[in-house]
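Participant: need a 3D model of the following:
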Amino acid sequence: MRMHPITCTLALAVATFATPVLAQSQGEWTLGVGAHVVDPKSDNGSLAGGTLDVEVDDNVRPTITFEYFLRDNLGIEVLASLPFEHDIAIDGLGTVGSTRHLPPTVSLQYHFNGGGTVRPFVGAGVNYTTFFSEDTRGALAGSDLELDGSWGAAAHAGIDFDVGERGAIRVDARWIDIDTDVRLDGADLGTVDIDPFIYGVAYVFRF
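Facilitator: Next comes the predicted model:
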């Protein structure tokens with residue numbers, strides 16, 4: 001049975017809770033630089049009254065995070081990245097287009113064992129995804145494709161492993177609620193449910 005990335009990460013986080021809890025201090029900043037996969041869920045919905053089943057593929061891009069600790073162990077994080085690009089396919093028609101998107105996300109996060117060498121964390125927040133550079137090809141070549149921006153909830157979990165006094169390797173996963181309304185040549189076709197898991201690794205600097 002396959003476990004989702006956030007489920008696996010949470011399980012690892014729980015396994016470290018026995019470590020003594022120390023504060024990750026108020027006023028501290030972190031900067032994370034890494035790479036992440038945006039992996040849309042397998043069923044992305046149907047368009048045109050349920051007649052066109054949609055599939056959105058995955059993509060990897062560099063990412064960056066900033067986090068500021070409002071209180072000991074409690075931080076607010078901003079996620080940014082280079083634009084992700086996804087091919088869009090319709091069952092029976094193959095790849096019919098592509099889009100680029102940026103998914104900036106703000107999360108409130110609690111870090112466990114803040115002074116330890118292994119530090120799990122969990123968080124929740126809000127995401128806004130903006131789509132641009134939509135393109136059509138194949139069966140839809142020459143048509144005008146538009147995807148609306150999306151507001152949605154986000155969940156985050158991960159573990160930091162210290163490497164030196166001020167650095168750590170982070171393994172993390174997110175789930176984001178991303179739904180976009182689709183128009184083709186100005187006609188409303190329906191909604192695509194992307195709802196991806198985002199998982200990867202980063203190097204985190206503390207200062």
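Participant: only C-alpha atoms from now on, for both contacts and neighbour counts.
Facilitator: Will do.
Participant: any idea how far Thr95 is from Val56?
Facilitator: Thr95 is 9 Å from Val56, where distance means C-alpha to C-alpha, to the nearest Å.
Participant: higher neighbour count, those two?
Facilitator: Val56 (25 against 19; other C-alpha atoms under 10 Å).
Participant: how about the nearest residue to Val37, chain neighbours excluded?
Facilitator: Val60 (4.4 Å; C-alpha to C-alpha, 6 or more residues apart in numbering).
Participant: neighbours around the one you found, how many?
Facilitator: A count of nearby residues for Val60, using other C-alpha under 10 Å, gives 18.
Participant: again with Gly138
Facilitator: 12.
Participant: what's the answer for the one 3 residues further on, then?
Facilitator: If you count neighbours by other C-alpha under 10 Å, Ala141 ends up with 12.
Participant: for stretch 98-108, buried residues please.
Facilitator: Neighbour-count burial for stretch 98-108, with 16 or more other C-alpha atoms under 10 Å as criterion, is recorded at Ser98, Thr99, Arg100, His101, Leu102, Pro103, Thr105, Val106, Ser107, Leu108.
Participant: show me where pLDDT drops low in this structure?
Facilitator: Scanning the chain for pLDDT under 70 picks out 1-23.
Participant: can we see that at 50?
Facilitator: The chain contains residues with pLDDT under 50 at 1-2, 9-22.
Participant: top strand in it by residue count?
Facilitator: Counting by DSSP state E, the longest strand found in the chain is strand 118-136.
Participant: tell me the residues that contact both of Thr95 and Val56, please.
Facilitator: Asp87, Ile88, Ala89 (C-alpha atoms under 8 Å, 6 or more residues apart in numbering).
Participant: helix or strand: which one has the first one?
Facilitator: Following DSSP states H and E, the helix or strand that holds Asp87 is strand 84-90.
Participant: hmm, who's touching that strand?
Facilitator: The set of residues that contact strand 84-90 without belonging to it, under C-alpha under 8 Å, 6+ apart, is 38, 52-61, 95-102.
Participant: most widely separated two among the buried residues of stretch 98-108?
Facilitator: Between any two of the buried residues of stretch 98-108, the greatest separation by C-alpha to C-alpha is 32.0 Å, found for Ser98 and Leu108.
Participant: now the residue lying closest to Ala139 once chain neighbours are set aside. Its backbone dihedrals?
Facilitator: Take Ala139 and drop its neighbours on the chain: the residue closest to it by C-alpha to C-alpha, 6+ apart is Val96, 6.0 Å away. When read as degrees, to the nearest 10, the backbone of Val96 gives phi -120, psi 0.
Participant: could you measure Val96 against Val192, distance?
Facilitator: Distance, Val96 to Val192, by C-alpha to C-alpha: 14 Å.
Participant: what do you get for Ala154?
Facilitator: Separation of Ala154 from Val192 (C-alpha to C-alpha): 17 Å.
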